[in-house]
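Novice: no FASTA, just this:
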Ligand SMILES: [Zn+2]
């Protein structure tokens, strides 16, 4: 965080610093204090977590995970897309993970996003997106569908420990969703 009193000259030099400029500055401080913890590329807890890109989800804190413990795949909605299956396949087959945790959440921006979004997009840009929007109406149902997609993927050797949850962003609590 910068304060007006602390760095007037920096402010004058950078002008209107963008958020990316601030990230780069923060990295200089991070790297200066960094020491290699010597972690393996193979997640220590042998788990892959698939979740939403939502800015409110502090996954490591919410799940008691430490750096080096898990693979994390995030996208809009925490949807199990072909690309998530690609990452899970590499995670399991090349990097030793065995468990999959799916975390969707309350108040997701994908809730209620549907065909209208896709149609408006197509109208505006004159091109139909090749990807599905993957919005949903019922978050529990969406978690069940995601569990099913992972469990039935022919590419994944480990599908016996696949569990799905909804994280309440107001209370921080996880609620497990039972598969069909
Ligand atoms: Zn979300």
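Specialist: Sure thing, it's come through. Everything numeric here is computed off the predicted structure, so don't read it as measured data.
Novice: Outline the domain layout of this structure.
Specialist: 1-34, 47-177 (automatic domain parsing).
Novice: Deepest in the core, which of those domains is it.
Specialist: domain 47-177 (a mean of 16; mean count of other CB atoms under 10 Å). C-beta coordinates here come from the backbone N, C-alpha and C atoms, glycine included.
Novice: Find the nearest non-adjacent residue to residue 131, please.
Specialist: Spatially, and ignoring its direct neighbours in sequence, residue 131 is nearest to residue 81 (7.7 Å; CB to CB, 6 or more residues apart in numbering).
Novice: Touching, that neighbour and residue 75? I think so.
Specialist: Yes: in this structure, residue 81 is within contact of residue 75 by CB atoms under 8 Å, at 6.6 Å.
Novice: give me phi/psi at residue 72?
Specialist: Backbone torsions of residue 72, given as degrees, to the nearest 10, read phi -130, psi 120.
Novice: Quick check on the nearest residue to it once chain neighbours are set aside: phi, psi?
Specialist: Leaving out its chain neighbours, the residue that sits closest to residue 72 by CB to CB, 6+ apart is residue 49, at 5.2 Å. Per-residue torsions, residue 49: phi -110, psi 130 (degrees, to the nearest 10).
Novice: Pretty sure residue 49 sits against residue 73.
Specialist: Yes: contact criterion CB under 8 Å: residue 49 and residue 73 qualify, at 7.2 Å.
Novice: Am I right that residue 60 sits in a helix?
Specialist: Yes: assigned with DSSP: H, G, I helix; E, B strand; the rest coil, residue 60 falls within a helix.
Novice: give me every residue that touches it.
Specialist: 66-67, 69 (CB atoms under 8 Å, 6 or more residues apart in numbering).
Novice: center of the chain, which residue is that?
Specialist: Centroid check for the chain by CA atoms, centre = their mean gives residue 74 as the closest residue, at 2.1 Å.
Novice: what's the closest non-adjacent residue to that one?
Specialist: Nearest to residue 74 is residue 53, by CB to CB, 6+ apart, at 4.8 Å.
Novice: wait, that neighbour sits on residue 79?
Specialist: No: look at residue 53 against residue 79 with CB under 8 Å: they stay out of range, at 10.3 Å.
Novice: for the ion, what are the nearby residues on the chain?
Specialist: For the chain, the residues in contact with the ion (CB under 5 Å from the ion) are 52, 54, 108.
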